[in-house]
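Peer 1: attaching a predicted model along with its sequence, questions to come.
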Amino acid sequence: MTNTCFKVFPLVTVLLLFCHAQWSNAQTGPSGCTYSDDVFTCDYSTMTSSERPIDYSGFSIAPQTLIVNINGFLPDSSDGRTFSTGFSGIDTSGFDANLPAALTIDCERGGSAFISAGAIYDMDYVQRFTVRNCDIFNFASDTVDGFGQLDYFAIHGGSITSIDVGAFGGLSVEKLNQTFPRQHGHFEIQYSKFTSGSLTVGLLYDFAELNSVAIRGGNVSAISADTFRYNTKLTMIDISDNTFTSLPSSVFDGLDLLSDVKVYNIDWECTCDNLAWLAYTYAENITLFGDFACANVEGIAIGDSCQNVLGIIILSITIISLGLVMTALALAILTARQAPAGPDQEAEPVAEIDKVEDLSKPAGNKNAVVAKGARGAVRAGKAQD
(Lines give C-alpha, C1' and ligand atoms only; values in the text may rest on other atoms or scores of the structure.)
Protein backbone atom coordinates (compact mmCIF):
# COMPACT_ATOMS: atom_id res chain seq x y z
CA MET A 1 0.00 0.00 0.00
CA THR A 2 2.80 2.38 0.92
CA ASN A 3 4.68 1.69 -2.30
CA THR A 4 1.49 2.31 -4.30
CA CYS A 5 1.07 5.73 -2.62
CA PHE A 6 4.61 6.72 -3.51
CA LYS A 7 3.92 5.78 -7.10
CA VAL A 8 0.55 7.53 -7.32
CA PHE A 9 1.39 10.87 -5.64
CA PRO A 10 4.19 11.87 -8.05
CA LEU A 11 1.90 10.98 -10.95
CA VAL A 12 -0.90 13.17 -9.55
CA THR A 13 1.54 16.03 -9.01
CA VAL A 14 2.78 15.83 -12.59
CA LEU A 15 -0.78 15.76 -13.91
CA LEU A 16 -1.76 18.80 -11.84
CA LEU A 17 1.26 20.76 -13.05
CA PHE A 18 0.50 19.76 -16.62
CA CYS A 19 -3.14 20.77 -16.30
CA HIS A 20 -2.18 24.11 -14.72
CA ALA A 21 0.25 24.80 -17.58
CA GLN A 22 -2.43 23.92 -20.11
CA TRP A 23 -4.95 26.15 -18.34
CA SER A 24 -2.45 29.00 -18.16
CA ASN A 25 -1.56 28.74 -21.82
CA ALA A 26 -5.22 28.49 -22.73
CA GLN A 27 -5.92 32.06 -21.53
CA THR A 28 -5.99 34.53 -24.38
CA GLY A 29 -6.22 38.27 -24.85
CA PRO A 30 -7.10 40.62 -27.68
CA SER A 31 -4.72 41.17 -30.59
CA GLY A 32 -1.39 42.48 -29.32
CA CYS A 33 -1.81 40.97 -25.84
CA THR A 34 -0.26 37.81 -24.37
CA TYR A 35 -0.74 35.84 -21.16
CA SER A 36 1.82 34.29 -18.81
CA ASP A 37 1.89 33.51 -15.07
CA ASP A 38 -1.46 35.18 -14.38
CA VAL A 39 -0.35 38.42 -16.09
CA PHE A 40 -1.64 39.88 -19.35
CA THR A 41 0.85 42.03 -21.30
CA CYS A 42 -0.31 44.26 -24.15
CA ASP A 43 2.18 45.90 -26.51
CA TYR A 44 0.32 49.13 -27.13
CA SER A 45 3.24 50.69 -29.00
CA THR A 46 2.88 48.21 -31.89
CA MET A 47 -0.91 48.04 -32.05
CA THR A 48 -2.59 49.27 -35.20
CA SER A 49 -5.57 51.59 -35.19
CA SER A 50 -7.88 48.61 -35.72
CA GLU A 51 -6.49 46.95 -32.58
CA ARG A 52 -7.01 50.03 -30.41
CA PRO A 53 -8.40 50.70 -27.89
CA ILE A 54 -7.55 47.54 -25.97
CA ASP A 55 -10.72 45.47 -26.22
CA TYR A 56 -12.06 44.01 -22.99
CA SER A 57 -14.15 41.43 -24.82
CA GLY A 58 -10.97 39.91 -26.24
CA PHE A 59 -9.82 38.63 -22.82
CA SER A 60 -10.78 35.05 -21.98
CA ILE A 61 -10.73 35.96 -18.27
CA ALA A 62 -10.87 39.34 -16.59
CA PRO A 63 -7.33 40.78 -16.40
CA GLN A 64 -6.50 41.22 -12.70
CA THR A 65 -2.88 42.10 -13.50
CA LEU A 66 -2.30 44.01 -16.72
CA ILE A 67 0.91 45.48 -18.19
CA VAL A 68 0.72 47.91 -21.11
CA ASN A 69 3.98 48.60 -22.96
CA ILE A 70 4.14 52.03 -24.56
CA ASN A 71 6.54 54.38 -26.29
CA GLY A 72 4.89 57.67 -27.10
CA PHE A 73 1.34 58.88 -26.58
CA LEU A 74 -1.17 57.25 -24.23
CA PRO A 75 -3.78 57.10 -25.57
CA ASP A 76 -2.63 57.32 -29.18
CA SER A 77 -3.09 60.81 -30.58
CA SER A 78 -5.77 59.54 -32.97
CA ASP A 79 -7.75 57.81 -30.20
CA GLY A 80 -9.76 59.14 -27.30
CA ARG A 81 -9.08 56.27 -24.90
CA THR A 82 -6.64 53.44 -24.17
CA PHE A 83 -9.17 50.85 -23.01
CA SER A 84 -12.58 49.95 -24.40
CA THR A 85 -15.77 50.80 -22.54
CA GLY A 86 -16.21 47.11 -21.66
CA PHE A 87 -13.79 47.54 -18.76
CA SER A 88 -16.41 49.60 -16.93
CA GLY A 89 -18.47 46.44 -16.37
CA ILE A 90 -15.60 44.09 -15.53
CA ASP A 91 -16.48 41.06 -13.43
CA THR A 92 -13.99 40.87 -10.56
CA SER A 93 -15.59 37.90 -8.78
CA GLY A 94 -12.93 35.55 -10.14
CA PHE A 95 -10.00 37.66 -8.88
CA ASP A 96 -7.50 36.30 -6.37
CA ALA A 97 -8.58 37.87 -3.07
CA ASN A 98 -4.94 37.93 -1.90
CA LEU A 99 -3.80 40.26 -4.69
CA PRO A 100 -4.81 43.79 -5.69
CA ALA A 101 -6.01 44.53 -9.19
CA ALA A 102 -2.95 46.10 -10.82
CA LEU A 103 -2.20 48.14 -13.93
CA THR A 104 1.37 48.95 -15.02
CA ILE A 105 2.37 51.33 -17.81
CA ASP A 106 5.86 50.24 -18.90
CA CYS A 107 8.17 52.04 -21.33
CA GLU A 108 10.59 49.12 -21.11
CA ARG A 109 14.06 50.43 -22.08
CA GLY A 110 13.55 54.12 -21.39
CA GLY A 111 10.86 54.96 -23.92
CA SER A 112 8.96 58.22 -23.84
CA ALA A 113 5.50 58.85 -22.44
CA PHE A 114 2.96 61.57 -23.10
CA ILE A 115 0.09 60.62 -20.80
CA SER A 116 -3.11 62.55 -21.29
CA ALA A 117 -6.81 62.49 -20.44
CA GLY A 118 -8.42 59.25 -21.58
CA ALA A 119 -5.40 57.16 -20.66
CA ILE A 120 -7.27 55.16 -18.04
CA TYR A 121 -10.95 55.76 -18.70
CA ASP A 122 -13.20 53.01 -17.24
CA MET A 123 -10.38 51.43 -15.21
CA ASP A 124 -11.83 52.19 -11.79
CA TYR A 125 -11.51 48.55 -10.70
CA VAL A 126 -7.70 49.01 -10.52
CA GLN A 127 -6.25 49.31 -7.00
CA ARG A 128 -2.52 49.52 -7.73
CA PHE A 129 -1.10 51.71 -10.53
CA THR A 130 2.54 52.00 -11.62
CA VAL A 131 4.36 53.90 -14.36
CA ARG A 132 7.74 52.26 -14.99
CA ASN A 133 10.93 53.17 -16.90
CA CYS A 134 9.34 56.09 -18.74
CA ASP A 135 10.76 59.47 -19.67
CA ILE A 136 7.55 61.33 -18.91
CA PHE A 137 7.43 64.47 -21.02
CA ASN A 138 3.89 65.32 -20.02
CA PHE A 139 1.50 64.03 -17.36
CA ALA A 140 -1.57 66.03 -18.26
CA SER A 141 -4.43 67.36 -16.17
CA ASP A 142 -7.23 64.94 -15.17
CA THR A 143 -5.19 61.98 -16.34
CA VAL A 144 -5.81 59.46 -13.56
CA ASP A 145 -9.07 60.68 -12.06
CA GLY A 146 -10.80 57.71 -13.71
CA PHE A 147 -9.37 55.46 -11.00
CA GLY A 148 -11.35 57.20 -8.30
CA GLN A 149 -9.43 55.50 -5.48
CA LEU A 150 -6.10 53.70 -5.40
CA ASP A 151 -4.28 51.85 -2.66
CA TYR A 152 -0.91 52.46 -4.30
CA PHE A 153 0.40 54.93 -6.91
CA ALA A 154 3.99 54.78 -8.12
CA ILE A 155 6.36 56.20 -10.73
CA HIS A 156 9.59 54.19 -10.96
CA GLY A 157 12.69 55.01 -12.99
CA GLY A 158 13.05 57.22 -16.03
CA SER A 159 12.56 60.96 -15.74
CA ILE A 160 9.83 63.57 -15.35
CA THR A 161 9.77 66.74 -17.42
CA SER A 162 6.26 67.88 -16.55
CA ILE A 163 3.43 66.84 -14.23
CA ASP A 164 0.44 69.14 -14.50
CA VAL A 165 -0.76 70.52 -11.17
CA GLY A 166 -4.20 69.05 -11.95
CA ALA A 167 -2.95 65.62 -12.96
CA PHE A 168 -4.23 64.00 -9.77
CA GLY A 169 -7.44 65.94 -9.44
CA GLY A 170 -10.28 63.64 -8.43
CA LEU A 171 -7.92 60.84 -7.36
CA SER A 172 -7.66 59.61 -3.77
CA VAL A 173 -4.76 57.42 -2.63
CA GLU A 174 -5.73 55.72 0.61
CA LYS A 175 -5.88 52.43 2.47
CA LEU A 176 -8.73 50.63 0.77
CA ASN A 177 -11.16 48.44 2.66
CA GLN A 178 -10.34 45.37 0.61
CA THR A 179 -9.68 41.71 1.28
CA PHE A 180 -6.09 41.55 0.04
CA PRO A 181 -3.38 41.72 2.75
CA ARG A 182 -1.46 44.89 3.55
CA GLN A 183 -3.32 47.92 2.37
CA HIS A 184 -0.88 50.78 1.81
CA GLY A 185 -2.43 54.15 1.03
CA HIS A 186 0.96 54.94 -0.48
CA PHE A 187 2.25 57.39 -3.11
CA GLU A 188 5.81 57.24 -4.36
CA ILE A 189 8.17 58.56 -6.99
CA GLN A 190 11.30 56.40 -6.85
CA TYR A 191 14.43 57.28 -8.82
CA SER A 192 12.48 59.07 -11.49
CA LYS A 193 14.34 62.35 -11.76
CA PHE A 194 12.61 65.70 -12.13
CA THR A 195 14.57 67.29 -14.96
CA SER A 196 13.97 70.79 -13.57
CA GLY A 197 15.12 69.78 -10.11
CA SER A 198 11.80 70.95 -8.65
CA LEU A 199 8.61 69.29 -7.49
CA THR A 200 5.41 70.46 -9.11
CA VAL A 201 3.84 72.99 -6.73
CA GLY A 202 0.81 71.38 -5.11
CA LEU A 203 1.76 67.88 -6.29
CA LEU A 204 0.28 66.22 -3.19
CA TYR A 205 -2.44 68.69 -2.29
CA ASP A 206 -5.32 66.41 -3.35
CA PHE A 207 -4.23 63.41 -1.26
CA ALA A 208 -5.95 64.11 2.06
CA GLU A 209 -6.18 60.38 2.93
CA LEU A 210 -2.57 59.52 2.11
CA ASN A 211 -0.92 57.22 4.67
CA SER A 212 2.70 57.28 3.44
CA VAL A 213 4.74 59.01 0.76
CA ALA A 214 8.18 58.53 -0.79
CA ILE A 215 9.87 60.98 -3.15
CA ARG A 216 13.23 59.30 -3.32
CA GLY A 217 16.05 59.85 -5.79
CA GLY A 218 14.03 62.49 -7.63
CA ASN A 219 16.76 65.13 -8.10
CA VAL A 220 14.65 67.44 -5.90
CA SER A 221 16.64 70.54 -4.96
CA ALA A 222 14.10 72.03 -2.52
CA ILE A 223 11.20 70.93 -0.34
CA SER A 224 8.78 73.74 0.39
CA ALA A 225 7.05 74.27 3.73
CA ASP A 226 3.65 73.36 2.25
CA THR A 227 4.70 70.18 0.39
CA PHE A 228 2.89 67.93 2.91
CA ARG A 229 0.55 70.49 4.42
CA TYR A 230 -2.69 68.80 3.33
CA ASN A 231 -1.56 65.22 3.94
CA THR A 232 -2.51 65.26 7.60
CA LYS A 233 -2.87 61.47 7.88
CA LEU A 234 0.71 60.72 6.92
CA THR A 235 2.58 58.30 9.17
CA MET A 236 5.76 57.96 7.07
CA ILE A 237 7.74 60.28 4.74
CA ASP A 238 10.79 59.23 2.73
CA ILE A 239 12.66 62.03 0.92
CA SER A 240 16.07 60.34 0.70
CA ASP A 241 18.66 60.56 -2.09
CA ASN A 242 17.74 64.06 -3.24
CA THR A 243 19.82 67.20 -3.83
CA PHE A 244 18.23 69.59 -1.31
CA THR A 245 20.52 70.56 1.59
CA SER A 246 18.02 71.89 4.12
CA LEU A 247 14.37 71.71 5.13
CA PRO A 248 12.01 74.50 6.22
CA SER A 249 11.45 74.64 9.97
CA SER A 250 7.71 74.07 9.55
CA VAL A 251 7.83 71.33 6.90
CA PHE A 252 6.25 68.72 9.23
CA ASP A 253 3.93 71.03 11.16
CA GLY A 254 0.38 69.76 11.52
CA LEU A 255 1.27 66.13 10.73
CA ASP A 256 0.14 64.81 14.08
CA LEU A 257 0.24 61.13 13.02
CA LEU A 258 3.73 61.29 11.53
CA SER A 259 6.05 58.76 13.20
CA ASP A 260 8.89 58.05 10.71
CA VAL A 261 10.97 60.31 8.44
CA LYS A 262 13.70 58.91 6.18
CA VAL A 263 16.40 61.27 4.90
CA TYR A 264 19.29 59.09 3.77
CA ASN A 265 22.13 60.46 1.63
CA ILE A 266 21.44 64.18 2.03
CA ASP A 267 24.35 66.66 2.03
CA TRP A 268 23.10 68.79 4.90
CA GLU A 269 24.14 72.43 5.10
CA CYS A 270 24.30 72.92 8.85
CA THR A 271 23.29 76.32 10.18
CA CYS A 272 21.07 77.26 13.08
CA ASP A 273 18.18 78.12 10.75
CA ASN A 274 18.56 75.05 8.53
CA LEU A 275 18.44 72.63 11.44
CA ALA A 276 15.43 74.10 13.22
CA TRP A 277 13.17 71.34 11.85
CA LEU A 278 15.14 68.81 13.91
CA ALA A 279 13.94 70.37 17.15
CA TYR A 280 10.33 69.81 16.01
CA THR A 281 10.92 66.12 15.25
CA TYR A 282 12.47 65.60 18.69
CA ALA A 283 9.63 67.41 20.43
CA GLU A 284 7.01 65.37 18.52
CA ASN A 285 8.81 62.04 19.05
CA ILE A 286 9.29 61.46 15.31
CA THR A 287 11.85 58.77 14.49
CA LEU A 288 14.51 59.89 12.01
CA PHE A 289 16.39 57.56 9.68
CA GLY A 290 19.41 58.78 7.74
CA ASP A 291 23.02 59.91 7.64
CA PHE A 292 23.13 63.22 9.48
CA ALA A 293 26.49 64.50 8.27
CA CYS A 294 27.14 68.20 7.64
CA ALA A 295 28.43 68.97 4.16
CA ASN A 296 29.55 72.54 4.87
CA VAL A 297 31.65 71.71 7.97
CA GLU A 298 33.45 68.66 9.27
CA GLY A 299 31.07 67.16 11.74
CA ILE A 300 27.68 65.65 12.29
CA ALA A 301 24.28 66.98 13.26
CA ILE A 302 23.60 66.56 16.97
CA GLY A 303 20.29 67.92 18.16
CA ASP A 304 19.67 71.13 16.28
CA SER A 305 23.34 72.00 15.82
CA CYS A 306 26.31 70.68 13.89
CA GLN A 307 29.37 69.60 15.86
CA ASN A 308 32.85 69.47 14.34
CA VAL A 309 35.36 66.73 15.10
CA LEU A 310 37.08 68.61 17.97
CA GLY A 311 33.73 69.51 19.46
CA ILE A 312 32.61 65.89 19.28
CA ILE A 313 35.81 64.72 21.01
CA ILE A 314 35.47 67.31 23.79
CA LEU A 315 31.79 66.50 24.18
CA SER A 316 32.55 62.78 24.37
CA ILE A 317 35.30 63.28 26.98
CA THR A 318 33.00 65.51 29.02
CA ILE A 319 30.21 62.95 28.94
CA ILE A 320 32.59 60.11 29.88
CA SER A 321 34.15 62.15 32.70
CA LEU A 322 30.76 63.11 34.04
CA GLY A 323 29.74 59.47 33.93
CA LEU A 324 32.84 58.40 35.90
CA VAL A 325 32.30 61.10 38.53
CA MET A 326 28.67 60.13 38.95
CA THR A 327 29.64 56.45 39.23
CA ALA A 328 32.32 57.19 41.87
CA LEU A 329 29.87 59.33 43.84
CA ALA A 330 27.24 56.63 43.74
CA LEU A 331 29.73 53.99 44.93
CA ALA A 332 30.91 56.25 47.78
CA ILE A 333 27.34 56.81 48.94
CA LEU A 334 26.56 53.10 48.68
CA THR A 335 29.72 52.15 50.66
CA ALA A 336 28.96 54.67 53.39
CA ARG A 337 25.44 53.33 53.78
CA GLN A 338 26.60 49.71 53.97
CA ALA A 339 29.49 50.30 56.52
CA PRO A 340 28.72 48.71 60.01
CA ALA A 341 28.19 51.11 62.91
CA GLY A 342 31.14 50.89 65.55
CA PRO A 343 31.02 51.39 69.33
CA ASP A 344 30.97 54.90 70.69
CA GLN A 345 34.47 56.27 70.95
CA GLU A 346 35.58 58.24 73.95
CA ALA A 347 36.77 61.71 73.20
CA GLU A 348 40.50 62.14 73.30
CA PRO A 349 41.69 63.82 76.48
CA VAL A 350 42.93 67.31 76.17
CA ALA A 351 46.67 67.32 76.27
CA GLU A 352 48.09 68.21 79.62
CA ILE A 353 51.07 70.53 79.62
CA ASP A 354 53.83 69.71 81.99
CA LYS A 355 56.40 72.35 82.66
CA VAL A 356 59.82 70.80 82.68
CA GLU A 357 62.95 72.70 83.12
CA ASP A 358 65.26 72.67 80.16
CA LEU A 359 68.33 70.94 81.47
CA SER A 360 70.36 72.16 78.53
CA LYS A 361 70.26 75.65 79.93
CA PRO A 362 72.67 76.81 82.62
CA ALA A 363 71.53 76.31 86.14
CA GLY A 364 69.55 79.12 87.54
CA ASN A 365 68.25 80.18 84.06
CA LYS A 366 64.52 79.77 84.32
CA ASN A 367 63.55 81.91 81.37
CA ALA A 368 63.00 78.95 78.94
CA VAL A 369 60.57 76.11 79.41
CA VAL A 370 59.40 73.28 77.17
CA ALA A 371 55.68 72.51 76.96
CA LYS A 372 55.09 68.81 76.38
CA GLY A 373 51.69 67.41 75.71
CA ALA A 374 50.20 64.13 74.77
CA ARG A 375 50.60 64.81 71.03
CA GLY A 376 54.03 66.37 70.78
CA ALA A 377 56.28 69.17 71.83
CA VAL A 378 55.49 72.83 71.62
CA ARG A 379 58.05 75.55 72.20
CA ALA A 380 56.89 78.12 74.72
CA GLY A 381 58.02 81.70 74.81
CA LYS A 382 60.16 83.25 77.46
CA ALA A 383 58.59 83.54 80.85
CA GLN A 384 58.31 86.88 82.41
CA ASP A 385 60.68 87.57 85.39
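Peer 2: Perfect, thanks for sending it.
Peer 1: how many neighbouring residues does residue 60 have?
Peer 2: Neighbour count for residue 60, taken as other C-beta atoms under 10 Å: 12. Yep, even glycine has a C-beta here, placed from its N, CA and C like the rest.
Peer 1: start at 23 instead
Peer 2: Okay, using 23 as the starting number, the last item reads as residue 82.
Peer 1: wouldn't it be in contact with residue 49 here?
Peer 2: Yes - Residue 82 is within contact range of residue 49, at 5.1 Å (criterion: C-beta atoms under 8 Å).
Peer 1: I'd like the mean pLDDT over the helix ranked longest in the chain, please.
Peer 2: Assignment by DSSP state H gives helix 331-360 as the longest helix of the chain. Over the span of helix 331-360, the pLDDT mean works out to 75.
Peer 1: show me what it packs onto, helices and strands only.
Peer 2: strand 321-324 (3 or more C-beta pairs under 8 Å, 6 or more residues apart in numbering; DSSP states H and E).
Peer 1: average pLDDT across the strand it packs on?
Peer 2: Mean predicted confidence for strand 321-324 is 55.
Peer 1: what of stretch 229-237?
Peer 2: The model assigns stretch 229-237 a mean pLDDT of 97.
Peer 1: what are the contacting residues of that stretch?
Peer 2: 190, 193-197, 206-212, 221, 226, 250, 252-261, 264, 284 (C-beta atoms under 8 Å, 6 or more residues apart in numbering).
Peer 1: show me which of these are buried.
Peer 2: Neighbour-count burial (16 or more other C-beta atoms under 10 Å) is assigned, among the contacts of stretch 229-237, to 190, 193-197, 206-212, 221, 226, 250, 252-253, 255-256, 258-261, 264, 284.
Peer 1: where exactly do the helices run in the chain?
Peer 2: Under DSSP H, the chain gives helices at 24-48, 298-305, 331-360.
Peer 1: how about the contacts made by the residue nearest to residue 127 when sequence neighbours are not counted?
Peer 2: Using C-beta to C-beta, 6 or more residues apart in numbering and skipping residues adjacent in sequence, the residue nearest residue 127 is residue 153, 4.8 Å away. Taking C-beta under 8 Å, 6+ apart, we find residue 153 in contact with 126, 127, 135, 137, 176, 177, 178, 180.
Peer 1: how far away is residue 74 from residue 126?
Peer 2: From residue 74 across to residue 126, the span is 18 Å (C-beta to C-beta, to the nearest Å).
Peer 1: now do the contacts for residue 287.
Peer 2: By C-beta under 8 Å, 6+ apart, the contact list for residue 287 reads 262, 263, 312, 313.
Peer 1: is the third one in a bridge, and if so with what?
Peer 2: With DSSP bridges as the criterion, the beta-bridge partners of residue 312 are residue 285.
Peer 1: I'd say it and residue 285 touch.
Peer 2: Yes - judged on C-beta under 8 Å, residue 312 makes contact with residue 285 at a distance of 3.9 Å.
Peer 1: so what sits against both of the two?
Peer 2: residue 262.
Peer 1: so for the most centrally placed residue in the chain, what pLDDT did the model give?
Peer 2: For the chain, the residue nearest the mean C-alpha position is residue 284 (3.3 Å; C-alpha atoms, centre = their mean). Residue 284 is assigned 97 on the pLDDT scale.
Peer 1: do the same with residue 87
Peer 2: pLDDT at residue 87 comes out at 97.
Peer 1: next one: residue 399
Peer 2: 37.
Peer 1: ditto for residue 293
Peer 2: 81.
Peer 1: same question, residue 36
Peer 2: Predicted confidence (pLDDT) at residue 36: the value is 42.
Peer 1: ditto for the one 10 residues further on
Peer 2: Looking at residue 46, its pLDDT is 49.
Peer 1: which of the contacts of residue 153 sits closest to residue 269?
Peer 2: residue 177 (22.4 Å; C-beta to C-beta).
Peer 1: how long is stretch 145-153 from one end to the other?
Peer 2: Length of stretch 145-153, first residue to last, C-alpha to C-alpha, to the nearest Å: 15 Å.
Peer 1: check stretch 144-159 too.
Peer 2: 24 Å.
Peer 1: show me how far it is from its chain's centre.
Peer 2: Distance of stretch 144-159 from the chain centroid (C-alpha atoms, centre = their mean, to the nearest Å) equals 23 Å.
Peer 1: so for that stretch, what's the average pLDDT?
Peer 2: Mean predicted lDDT for stretch 144-159 stands at 96.
Peer 1: what do you get for stretch 299-309?
Peer 2: Averaged over stretch 299-309, pLDDT sits at 92.
Peer 1: ok, residues contacting it?
Peer 2: The contact list for stretch 299-309 (C-beta under 8 Å, 6+ apart) reads 269-275, 280-283, 310, 323, 325-326.
Peer 1: most neighbours, which of the residues you listed?
Peer 2: Top of the contacts of stretch 299-309 by neighbour count (other C-beta under 10 Å): residue 269, with 25 neighbours.
Peer 1: state the number of residues packed around the spatially closest residue to that residue that is not a sequence neighbour.
Peer 2: Ranked by C-beta to C-beta, 6+ apart and with sequence neighbours excluded, the top spatial neighbour of residue 269 is residue 299, at 4.7 Å. The local packing of residue 299 (other C-beta under 10 Å) involves 20 other residues.
Peer 1: what's the spacing between residue 299 and residue 285?
Peer 2: Relative to residue 285, residue 299 is positioned 10 Å away (C-beta to C-beta).
Peer 1: so who does the closest residue to residue 92 other than its chain neighbours touch?
Peer 2: Nearest non-adjacent residue to residue 92, counting by C-beta to C-beta, 6+ apart: residue 66, 5.0 Å away. Contacts of residue 66 were listed using C-beta under 8 Å, 6+ apart, and they are 54, 74, 76, 90, 91, 92, 96, 98, 104.
Peer 1: closest to residue 162 among those?
Peer 2: residue 96 (10.2 Å).
Peer 1: and for that closest one, the neighbour number?
Peer 2: Neighbours of residue 96 using other C-beta under 10 Å come to 24.
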